[in-house]
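Engineer: the following comprises the amino acid sequence and a computationally predicted model.
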6 protein chains.
Amino acid sequence: MERKAAEIVRAVEQGAGTLHRAIPGPMGAYAGLLKEVTKDGALSGRVKELMAIAISIVEGCEGCIAYHTREAIKKGATREEFAETISVAIEMRGGPATVYGGGALALYDDLT
Amino acid sequence: MERKAAEIVRAVEQGAGTLHRAIPGPMGAYAGLLKEVTKDGALSGRVKELMAIAISIVEGCEGCIAYHTREAIKKGATREEFAETISVAIEMRGGPATVYGGGALALYDDLT
Amino acid sequence: MERKAAEIVRAVEQGAGTLHRAIPGPMGAYAGLLKEVTKDGALSGRVKELMAIAISIVEGCEGCIAYHTREAIKKGATREEFAETISVAIEMRGGPATVYGGGALALYDDLT
Amino acid sequence: MERKAAEIVRAVEQGAGTLHRAIPGPMGAYAGLLKEVTKDGALSGRVKELMAIAISIVEGCEGCIAYHTREAIKKGATREEFAETISVAIEMRGGPATVYGGGALALYDDLT
Amino acid sequence: MERKAAEIVRAVEQGAGTLHRAIPGPMGAYAGLLKEVTKDGALSGRVKELMAIAISIVEGCEGCIAYHTREAIKKGATREEFAETISVAIEMRGGPATVYGGGALALYDDLT
Amino acid sequence: MERKAAEIVRAVEQGAGTLHRAIPGPMGAYAGLLKEVTKDGALSGRVKELMAIAISIVEGCEGCIAYHTREAIKKGATREEFAETISVAIEMRGGPATVYGGGALALYDDLT
């Protein structure tokens, strides 16, 4: 990961902003989905953000990792929880998850 | 999902058994990885099994869903936690996660 | 594809129904997204359903293929358009798209 | 997306050129496939290029997005059609498609 | 894997036949690509079929696994080579590759 | 691929080092798996590294490509073998594999 975490998150948010202006209907519905999914419920919002990070590592999406890492930190996720989340991705995805997971931990450290 | 959940899990375990006999070195290491990842730590084993289910839905792997669903139930995951886990997969994967997620909830109900 | 197309679609809709009852917030938002995306706009709903089929083939999701095939047929997609949609998936995904694409065309023929 | 769109397309074409020299048989056949798929037929070449972009977003392949975006522009795809294509990818892929889709729209704007 | 291997291969070939009739241009080019790739060269056709199986396991495509397994057997791949091929997929894909890999070995045993 | 190959490999190894310190149990088991899989057996370590490269191209993981390319070169893989490995990925993944495959060949040339 060559770019600073904050810069990646800014690019993601800028891209989302452009999409909202271009396709307000679909993006409004998507934003509603994101909000519903990440609020506290039977599982805490913190745990659900960590799940989103595990999936982002599996999908190899750097922008997703950076965005959800910032959200997980906001909701109080510790470095130990973050690292164990990466371990689940490694069990479920193998080698590529060690590559994206290593980058994810660097983003976590960069943002805290 | 046409097959009963227990039958799918049995096929997964049978396949894993055959692999253990054919490639004992790699499968032994993989089994060690699985054990390390799913034990209680900063995150509970229950939460990590739910993460594995979210990833399995994203990967569209029915056998993985069935296996980790059984493990999550053993570790006390409630139906509400299970359903919210599916919601994270839907946010991160869209339409296909509603298809595999619907199947996953049927497997949960079948196993409890 | 061993199951009849109509049976696959029914299983998808049944699974979605169960999810709606379990996680009404996220599924309501997802349903809104689906509706926004597939309505007529700069691109016709028919073309957008065909795009969804191309993606479903790439993702290897049989339930998605069956559901969007039924929708595309409702919106008037011809067999020629359907087959050319599969060809794009083959160019972008290679061998697996010939397998899922062959199954998709069988579903189309089964539903018409 | 840090690099300019034209630079990404140039890198893709340079890589393809090197592959053509190294494995002329397979690459010649692939080039034939690409040509067959993207020509006008029951669906216009323009629509098929847009389908290829939807798939490229789902696959998270920046080089593919840039290449097919240039081709879609050559064939007259409007910004509205391009944005609705992204919306289909979001419905079928969720969060990662908002990230890659935002980048895709920036590439479109950069190339027009 | 509930179906017999030979039955899966037959369904794949039947699907490909239907596609050839519907989109002869793209399928002809794809068939040429397949032929170019799997012939003996710097790597033997046998090793390249095994590579295709490793990829099929990673992609979770049962029809692809069955088809390339039959081809690899025709070209003399031993059970030991086949099993080690699965081990590479496990290293590169984790848990899902143990599920699809177990099914692949059952297909190999069924076809020999 | 903008970065030099050696720099990418260094980033991968640095990330893996950080992960080893954070989650020594899972990473130790993963390292054992990697070692078991890539040693000489019924298939040579060289061929298994090439298989890992084919999978890395299919998964679109640049760090994986760079790491396994260095390993394959260490074990004596020729440029012809490397290029034919890419051709299998193209047959099994289509367009995206031409993009990542072109980048992979550039990495090979950069490292030799």
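Structural biologist: Cool, the structure landed. From a predicted model like this one, the values you see are computed outputs, not experimental measurements. Numbers count the residues shown, from 1 in each chain, chains lettered A, B, ... in the order given.

Engineer: which residues of chain A lie near chain E?
Structural biologist: Residues of chain A lying close to chain E (C-beta under 8 Å from any C-beta of the partner chain) are A:90-97. Quick note: C-beta positions are derived from backbone N, CA and C, even for glycine.

Engineer: let's go with 7 Å and repeat that
Structural biologist: Chain A has residues A:90-95, A:97 near chain E, with proximity defined as C-beta under 7 Å from any C-beta of the partner chain.

Engineer: ok, the helix or strand containing A:Gly101 near chain B or not?
Structural biologist: Assessed by DSSP states H and E, A:Gly101 sits inside helix A:95-111. No. Helix A:95-111 lies out of reach of chain B by C-beta under 7 Å from any C-beta, never closer than 9.5 Å.

Engineer: that helix - contacts with which helices or strands?
Structural biologist: helix A:5-22, helix A:45-59, helix A:62-74, helix A:79-93, helix F:5-22, helix F:62-74 (3 or more C-beta pairs under 7 Å, 6 or more residues apart in numbering or on different chains; DSSP states H and E).

Engineer: quick one: buried residues of that helix?
Structural biologist: For helix A:95-111, the buried set under the neighbour-count rule, 16 or more other C-beta atoms under 10 Å in any protein chain shown, comprises A:95-108, A:110-111.

Engineer: tell me the one of those residues nearest D:Leu34?
Structural biologist: The closest of those to D:Leu34 turns out to be A:Pro96 (C-beta to C-beta; 26.8 Å).

Engineer: check what pLDDT the nearest residue to the closest one once chain neighbours are set aside gets.
Structural biologist: In this structure, A:Pro96 finds its nearest non-sequential neighbour in F:Cys61, 4.3 Å apart by C-beta to C-beta, 6 or more residues apart in numbering or on different chains. On pLDDT, F:Cys61 comes in at 98.

Engineer: and the gap between F:Cys61 and F:Glu71?
Structural biologist: Taking C-beta to C-beta, to the nearest Å as the measure, F:Cys61 falls 14 Å from F:Glu71.

Engineer: neighbour count: these two, which is higher?
Structural biologist: Legend: neighbour count by other C-beta atoms under 10 Å in any protein chain shown for F:Cys61 and F:Glu71, higher for F:Cys61 (23 against 20).

Engineer: list the contacts of the more buried one.
Structural biologist: Applying C-beta atoms under 7 Å, 6 or more residues apart in numbering or on different chains, we find F:Cys61 in contact with A:60, A:96, A:99.

Engineer: what is the nearest of those to B:Val37?
Structural biologist: Among these, and counting by C-beta to C-beta, the member closest to B:Val37 is A:Pro96, at 15.9 Å.

Engineer: how close does that closest one sit to D:Ala11?
Structural biologist: 22 Å.

Engineer: with A:Val58 instead?
Structural biologist: Noted for A:Val58: a distance of 27 Å to D:Ala11, by C-beta to C-beta.

Engineer: got the confidence number for the one residue sitting closest to the centre of chain A?
Structural biologist: Central residue of chain A (C-alpha atoms, centre = their mean): A:His68, 2.3 Å from the mean position. Note on A:His68: pLDDT of 98.

Engineer: who's in contact with it?
Structural biologist: Per C-beta under 7 Å, 6+ apart, neighbours of A:His68: A:49, A:52-53, A:56.

Engineer: A:Val99 now?
Structural biologist: F:12, F:15, F:61, F:63-64.

Engineer: most neighbours of all these, which one?
Structural biologist: F:Cys64 (26 neighbours).

Engineer: so what's the residue count around the residue nearest to it when sequence neighbours are not counted?
Structural biologist: In this structure, F:Cys64 finds its nearest non-sequential neighbour in F:Ser56, 3.7 Å apart by C-beta to C-beta, 6+ apart. Using other C-beta under 10 Å, F:Ser56 is surrounded by 26 other residues.

Engineer: repeat that for A:Pro24.
Structural biologist: What A:Pro24 shows, counting by other C-beta under 10 Å, is a neighbour count of 12.

Engineer: residue of chain A closest to chain D, please.
Structural biologist: Chain D sits closest to A:Gly15 of chain A, with a gap of 2.0 Å, by C-beta to the nearest C-beta.

Engineer: please list all residues in contact with that residue.
Structural biologist: So A:Gly15 contacts D:99, D:102-103, D:106 (C-beta under 7 Å, 6+ apart).
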